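**Student:** 3D model of this:
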Amino acid sequence: MFWHPRVDTVIQPLAPFVGPEGPEYDPIVVWDTIKDGVKDYLDVFGRPDQVSAWQEARPYVAAVVDA
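**Tutor:** Below you'll find the model as predicted:
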């Protein structure tokens, strides 16, 4: 079980749990499991500056606004 691993974390079975045939599944990077959900979220709720940052692989931090 993983609880919010970093997005660059590779998930794969530990060697003691792999049988002689090898692992049942290929290793996967956490980002590959969540990136479509992030895109779907931005398609609905994202502001243009957020979407462009996503498309250009730039970090995005929203400006703080006084309420």
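**Student:** residues near Phe38, how many?
**Tutor:** Quick fix: residue 38 reads Val, not Phe. When counting by other Cβ atoms under 10 Å, one arrives at 13 neighbours for Val38. Any C-beta I mention is one placed from the backbone N, CA and C, and that applies to glycine too.
**Student:** Next: Val10.
**Tutor:** 10.
**Student:** which residues does the nearest residue to it once chain neighbours are set aside contact?
**Tutor:** Distances taken as Cβ to Cβ, 6 or more residues apart in numbering put Pro27 closest to Val10, at 5.1 Å, once the chain neighbours are dropped. Residues in contact with Pro27 (Cβ atoms under 8 Å, 6 or more residues apart in numbering) are Val10, Ile11, Gln12.
**Student:** From Gln55, how far off is Pro27?
**Tutor:** Look at Pro27 and Gln55: by Cβ to Cβ, to the nearest Å, they are 27 Å apart.
**Student:** and the residue nearest to the spatial centre of the chain, which of the three is it?
**Tutor:** Nearest residue to the geometric centre of the chain (Cα atoms, centre = their mean): Trp31, 2.8 Å. Reduced to three states with DSSP: H, G, I helix; E, B strand; the rest coil, the structure at Trp31 is helix.
**Student:** roughly how far apart are the closest residue to it other than its chain neighbours and Val29?
**Tutor:** Distances taken as Cβ to Cβ, 6+ apart place Val7 nearest to Trp31, at 4.2 Å, with adjacent residues excluded. Going from Val7 to Val29 by Cβ to Cβ gives 8 Å.
**Student:** Please apply the same query to Leu14.
**Tutor:** Leu14 is 17 Å from Val29, by Cβ to Cβ.
**Student:** what about Lys39, which SS state?
**Tutor:** helix.
**Student:** what residues are up against the residue nearest to it when sequence neighbours are not counted?
**Tutor:** In space, and not counting its chain neighbours, Lys39 is closest to Trp54: 7.3 Å by Cβ to Cβ, 6+ apart. In this structure, Trp54 makes contact with Val38, Lys39, Leu42, Gly46, Tyr60, judged by Cβ under 8 Å, 6+ apart.
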